[in-house]
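>>> next one to model:
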Amino acid sequence: VAEALRHLEQSNGLKEGGLREILERRRIEKTALTKQIEAQLYWGRLVSRFFGPQVQISDEEVNAALAEIERHKGKPEYRVSEIFLSVDRPENDGDVLALANRLVLQIQRGTGFEALARNFSKSATAEHGGDLGWNAPGQLDQDLDKVVVQLQPGQISTPIRTSEGYYIVLLKDRRV
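Numbers count the residues shown, from 1 in each chain. From the prediction side, this is the model:
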């Protein structure tokens, strides 16, 4: 738990003890955070115990991943977050688009992207505030790729229609 707390401070650019200060300012008991971290650690161990033996990564898969990394070397990468709203039935398209537009407006007015992603997104990334991590061109859906390369860091897209539904993307950062 102590290691996880140190990592949390480091990954958020806090000095040692900075997390404790934030918790105190917000009147949050440190035990609430440590209990949550403990639960995550236990869950990780449980999943590893049950599914770890079933996971087998071949040399070919490792080589393919390394080749992919080498292929993208020197090319721009984009740190992207998403909110995905599915359109399950065509007659719901207008309602889903209206919701997507309301979310964009809320983000523009200062509501946190991550909070909206956790509450509204139907993507597996919702749990992590919509964070897709670093992506090279071609790793995202083609429709998303076209938009992401045109955004500036900190900028969000208008709703993007794909065959599954609507996406709102946030370009968090860009690197080469």
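>>> going forward, measure contacts and count neighbours with C-alpha atoms only.
Noted.
>>> ok, and for the lengthiest helix in the chain, which residues are buried?
If you go by DSSP state H, the chain has its longest helix at helix 30-51. By neighbour count on 16 or more other CA atoms under 10 Å, the buried set for helix 30-51 is residue 37.
>>> what does that helix contact?
1, 4, 20, 23 (CA atoms under 8 Å, 6 or more residues apart in numbering).
>>> in a strand, residue 78, correct?
Yes. Assigned with DSSP: H, G, I helix; E, B strand; the rest coil, residue 78 falls within a strand.
>>> for the one residue sitting closest to the centre of the chain, give me the pLDDT.
Nearest residue to the geometric centre of the chain (CA atoms, centre = their mean): residue 131, 1.0 Å. In this model, residue 131 is scored at 92, pLDDT.
>>> measure it to residue 45 for me?
Per CA to CA, to the nearest Å, residue 131 is found 23 Å from residue 45.
>>> cool, and residue 112?
From residue 112 across to residue 45, the span is 31 Å (CA to CA).
>>> for the chain, which spans come out with low pLDDT?
For the chain, applying pLDDT under 70 flags the ranges 52-53, 72.
>>> so how far is the strand or helix carrying residue 64 from its chain's centroid?
Counting by DSSP states H and E, the element that carries residue 64 is helix 59-71. Relative to the chain's own centre, helix 59-71 is displaced by 23 Å; criterion: CA atoms, centre = their mean, to the nearest Å.
>>> list the contacts for the residue nearest to the centre of the chain?
Per CA under 8 Å, 6+ apart, neighbours of residue 131: 80-82, 125.
>>> with distance to residue 139 and neighbour count added, can I get the residues you listed in CSV?
As requested, those are arranged in CSV below (distance: CA to CA, whole Å; neighbours: other CA atoms under 10 Å):
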residue, distance to residue 139, neighbour count
80, 11, 22
81, 14, 25
82, 14, 26
125, 15, 18
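>>> which of the residues you listed fall in strands?
In this view, the contacts of residue 131 that belong to strands under DSSP state E are 80-82.
>>> closest to residue 89 among the residues you listed?
Closest approach between the ones in strands among the contacts of residue 131 and residue 89, by CA to CA: residue 82, at 21.4 Å.
>>> how near is the closest one to residue 26?
For residue 82, the distance to residue 26 - CA to CA - is 28 Å.
>>> over to residue 157?
32 Å.
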